[in-house]
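A.B. asks: Build me a structure from this.
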Amino acid sequence: MKEIVIISGKGGTGKTSITASFAVLGGNAVITADCDVDASDMHVFMQPQPYYTADFYSGQYASIDQDLCINCGKCKDVCHFDAVRVISGRYSIDKMDCEGCGYCTRICPAHAIRNINNHVGWWYISKIKTSSKMVHARMKAGAENSGKLVAKVKNTAREIAETEEKPFVLIDGSPGIGCPVISSLSGADYVILVSEPTVSGLHDLKRVYDLVQKFKIPVGCIINKADINRENRDKIVMFLHENRIDHLTDLPYDLTFTKAMIEGKSIVEYDNNILMKILNDTWKTLIKKLNYPE
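C.D. replies: Predicted structure coming up:
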């Protein structure tokens, strides 16, 4: 089983559209994982039908039982995060400021404070239109620890692939270089970087490549909208060559991308277009690199 992660240095490069296209091309051989849990949108393309849903908890926060509180103020004295409030003479803890360290819980003489597991979101296993499965998640607004949720989604997808003997796990990672991206890269067999020919696109490509290098994972790059700036495209190609990054393909700017998205389709499902052929050829090239027969 091979694990392919698709990431980008910034949002809006077409990463998810490309991931969805590969998921469709791979069909039943691919278990898909949407690890962009902070802004998940693979569901737009894959039409998931969840058959398993689970709550996700990460971290804790403290809560004061007002019936037991003796208003001694010791919790406020020791809180390093200024999470303890005094309202109308009563002590309470602001959940958003509490870091769940448990210090106040331990020093409360009345045992009025307890730590509660923090519910930050949900994760799902769904059937999708490719006759395969997708693991995905949804975080609550403002929730933290998305890196741990990414690990849950990714590991579950891997377990399903191993159990069902599927050859590929395809992961739509988060943009950038933060904790969710690091979590999605762990254990990957190949990484695809999606870039675009702009000054910021090249800068962010270099930044995310520096991160991938630390994992020593084989890496390739797809340049999306490659024809909108030939000079910047050539600079990206030079960077790929200098760093021995596989230049998988160039995708031309094409409004078909947007039209397909509006209809909830990947580009390879939308009529007969040049992008379909390029992505189909790229998928074939990719699976050959991973030593899997077509």
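A.B. asks: CA atoms for contacts and neighbours, from now on please.
C.D. replies: Fine.
A.B. asks: Name all residues that make contact with the closest residue in space to Val30 that isn't next to it in sequence.
C.D. replies: Spatial nearest neighbour of Val30, chain neighbours left out: Phe168 (4.8 Å); criterion: CA to CA, 6 or more residues apart in numbering. Contact partners of Phe168, counting by CA atoms under 8 Å, 6 or more residues apart in numbering, are 1-4, 29-31, 161.
A.B. asks: And for Ile182?
C.D. replies: Each residue near Ile182 by CA under 8 Å, 6+ apart is listed here: Gly147.
A.B. asks: What strand or helix carries Phe239?
C.D. replies: Secondary structure from DSSP states H and E places Phe239 in helix 230-242.
A.B. asks: Does anything pack onto the next helix or strand after that helix? Which helices or strands?
C.D. replies: With elements assigned by DSSP H and E, the helix or strand that comes after helix 230-242 is strand 246-250. If you count contacts as 3 or more CA pairs under 8 Å, 6 or more residues apart in numbering; DSSP states H and E, strand 246-250 packs onto strand 219-223, helix 230-242, helix 274-289.
A.B. asks: okay, the angle between the second one and strand 219-223?
C.D. replies: By that I understand helix 230-242. Relative orientation of helix 230-242 and strand 219-223, computed by axes from the mean of the first three to the mean of the last three CA atoms, to 10 degrees: 170 degrees.
A.B. asks: same check, this time on the longest one
C.D. replies: With the same axes, to 10 degrees as the basis, helix 274-289 and strand 219-223 are set at 170 degrees to each other.
A.B. asks: Show me which positions of helix 274-289 end up buried.
C.D. replies: By neighbour count on 16 or more other CA atoms under 10 Å, the buried set for helix 274-289 is 275-276, 279-280, 282-284, 286-287.
A.B. asks: How about the second one?
C.D. replies: By neighbour count with 16+ other CA under 10 Å, helix 230-242 contains the buried residues 232-233, 236-237, 240.
A.B. asks: what packs against that helix?
C.D. replies: Using 3+ CA pairs under 8 Å, 6+ apart: helix 230-242 touches helix 199-215, strand 246-250.
A.B. asks: By mean pLDDT, show me the worst of those.
C.D. replies: Lowest mean pLDDT within the helices and strands packed on helix 230-242: helix 199-215, a mean of 93.
A.B. asks: I'd like to know which elements it is packed against.
C.D. replies: Contact analysis of helix 199-215 by 3+ CA pairs under 8 Å, 6+ apart lists strand 2-8, strand 190-195, helix 230-242 as its packing neighbours.
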